[in-house]
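A.B. asks: Predicted model and sequence below, questions to follow.
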Amino acid sequence: MHTMTHDFIVIGAGSAGCVITRRLLDAGARVLLLEAGGPDLDPRIKIPAAFSQLFRTPYDWELYTQPQRHLLGRTLYWPRGKTLGGSGAINAMIVIRGHLEDYQSWGTDWSWDQVLPYFQRIEHHFLKNEHHGQDGPMEVQERNFTHPITQAFLRAAVQMGHPVCRDFNTGKPYGFGLYHVNHRKGERHSPFHAYLKGHKGYTLKTRAQVLRILLHNKAARGVVYRHQGKVLNAFASQGVILTAGAIHSPHLLMHSGIGDPAVLRHAGIDLEHALPGVGQNLQDHPAVPLIYQSRTDDTLETALQPQHILNYTLKKQGPLSSNVAEAGGFIRSKSDLSAPDLQFHMAPVYYRDHGLTAPPMPAFSLGPTLLTPRSTGRLWVQDANPLKAPLIDPHYLHDPEDLYTLIRGLEMAHDLIHQPALKPYRGKELLPGHKDLQFHVQSNLQTLYHPAGTCQMGEHPQAVVDSRLRVHGLKKLYVADASVMPALPRGNTQFPTMMIAERAAEWILQDQTQATT
Ligand SMILES: Cc1cc2nc3c(=O)[nH]c(=O)nc-3n(C[C@H](O)[C@H](O)[C@H](O)COP(=O)(O)OP(=O)(O)OC[C@H]3O[C@@H](n4cnc5c(N)ncnc54)[C@H](O)[C@@H]3O)c2cc1C
């Protein structure tokens, strides 16, 4: 059998995996990066407005939840990126760090002051001030194009009495504003492009799906992976780093015999190491849209008209350079809360069912999103075949408080849309189009694409990794992606995931230095 030895093996070239690989390379390590998906060749990956066209293509794992009891038995579609850049190659590019309160709950080592330098390390930011970094690999920019409906939406928010927020990333996001995006010259600046593109000093294998992590004497020593129809082994002398994301990291641990003994027994997988928290604590941000007919025809749906294609091709300007969810806001649905519990995403398109439903007419959408869900779910494996998708039950709305908060969000969104500033654009209400908001939530709730928490860090029986991201009870095995978040941050999850990865790389290198001295 063909074998290779490296210092480190990184599993998954997503938002976290690209960061860690690059930082290990900077320190002179020999790294093998294995990615289940193919190269990121589709031009739509670079075109910001095209991200939802990548759904249900080979660039997407195309996952589905179990039927949701509190959503009329619906099975929900969950896109996840499957290519270089991972979900960061198909996401909406909104740059949000979260609220400083979020990190207080993550344990020692994770206060806002401790995480801030690592957020800054990621970015090359257009704002030159003390909040932002200038020397990082990833460009953070304003979009080249913002639609007039979005500008009217922001004026409407002010008319409703909300503050304007020019920068959501100072630790206390509040109010309404334009999102900053990870764009470079009008194109997506994906984690792969920012951190690894053009780097020659490592081994990268695409279409290489890891099937199992190899353990010996309670230490990770390598992986078994599938590549070009062959099953191969690879070995790492210093460590294996799991960055396959919130769904596939726990999935792979379970297939490696690491997890809840009862779940593994049921699936017919031999137990290597008992960790009952693997796959538990699944959290996600749910969103529910309000959609209105637009009185102007030139919503972003027109982005594919020849003049816009030409403008984008020649200058990287115009509607195709929009990331669709152009603006939003962070608000409290109750005055006694210390931090926002709702985020709004505004899009000058008909955004229902992930943008997969053909728009019946020009429209714009506003999606209240629950930032602090109380309902948590889990995922697990059905049998011993690692090529089968895990079973995913996010348990949406299990706690009725989540439903009530979303309903308050819909009411606030409705008021916002009825402010005078949006009058020139506002046609008839398309969704919900009736007064039964509970039914509307149940029949239209969708993921905002932020699953996390399934290998949570901590020092309790359900924790999978310690606060420095080492798998409890095993040596040389780390998990460092969205799965380690004990609780979701308030906001979009890519930058928090990359911040985790920046920290993980530093700690992994420290562990290596300590082991050799
Ligand atoms: C449609 C969509 C829109 C989003 N919009 C935003 C946004 O605007 N802003 C924001 O901040 N966040 C957004 N997010 C969320 C954000 O992209 C994710 O939280 C983040 O990318 C997670 O990073 P990760 O490294 O944990 O996982 P991923 O980036 O998903 O990376 C995991 C990688 O591991 C690979 N992999 C999985 N299993 C294996 C295996 N067995 N062997 C080898 N490789 C494997 C996958 O193919 C993938 O490349 C969005 C996500 C989606 C899907």
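C.D. replies: That came through, no problem.

A.B. asks: Now do the same for whichever residue of the stretch 301-450 of the chain sits closest to the ligand: helix, strand or coil?
C.D. replies: Of all residues in the stretch 301-450 of the chain, Tyr449 sits closest to the ligand, at 3.3 Å by Cβ to the nearest ligand atom. C-betas here are computed from N, CA, C, even on glycine. Using DSSP: H, G, I helix; E, B strand; the rest coil, the secondary structure recorded for Tyr449 is coil.

A.B. asks: Just list the residues touching it, thanks.
C.D. replies: Tyr449 makes contacts with 78-79, 87, 91-92, 285, as judged by Cβ atoms under 8 Å, 6 or more residues apart in numbering.

A.B. asks: Kindly report the same for Asp341.
C.D. replies: Contacts of Asp341 (Cβ under 8 Å, 6+ apart): 332-334, 370-372, 405, 490.

A.B. asks: Restricted to helices, list the contacts of Tyr449.
C.D. replies: Judged by DSSP state H, helices contain none of the contacts of Tyr449.

A.B. asks: just these that are near the ligand?
C.D. replies: Filtering the contacts of Tyr449 for proximity to the ligand by Cβ under 6 Å from any ligand atom leaves 79, 87, 91-92.

A.B. asks: Show the residue spans covered by the helices in the stretch 301-450 of the chain.
C.D. replies: 306-315, 400-417, 437-444 (DSSP state H, counting those that start in this stretch).

A.B. asks: Please name every helix or strand in contact with the shortest one.
C.D. replies: The one in question is helix 437-444. The contact analysis (3 or more Cβ pairs under 8 Å, 6 or more residues apart in numbering; DSSP states H and E) places helix 437-444 against helix 400-417.

A.B. asks: Next, the angle helix 437-444 makes with the helix it packs on.
C.D. replies: 100 degrees (axes from the mean of the first three to the mean of the last three Cα atoms, to 10 degrees).

A.B. asks: coming back round to it: and the helices of the stretch 301-450 of the chain as JSON lines, adding mean pLDDT?
C.D. replies: As requested, the helices of the stretch 301-450 of the chain are exported to JSON lines (pLDDT from 0 to 100):
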{"stretch": "helix 306-315", "mean pLDDT": "96"}
{"stretch": "helix 400-417", "mean pLDDT": "98"}
{"stretch": "helix 437-444", "mean pLDDT": "98"}
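
A.B. asks: Now tabulate the ones you listed in JSON lines and tack on mean neighbour count and distance to the ligand.
C.D. replies: Output for the helices of the stretch 301-450 of the chain, formatted as JSON lines (neighbours: other Cβ atoms under 10 Å; distance: least, Cβ to the nearest ligand atom, whole Å):
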{"stretch": "helix 306-315", "mean neighbour count": "14", "distance to the ligand": "20"}
{"stretch": "helix 400-417", "mean neighbour count": "19", "distance to the ligand": "19"}
{"stretch": "helix 437-444", "mean neighbour count": "18", "distance to the ligand": "17"}
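
A.B. asks: Looking at Gln456 now. What's its pLDDT?
C.D. replies: Gln456 carries a pLDDT value of 98.

A.B. asks: what about it, neighbour count?
C.D. replies: Gln456 has 25 neighbouring residues, counting by other Cβ atoms under 10 Å.

A.B. asks: same check, this time on Asp466
C.D. replies: By other Cβ under 10 Å, the residues close to Asp466 number 18.
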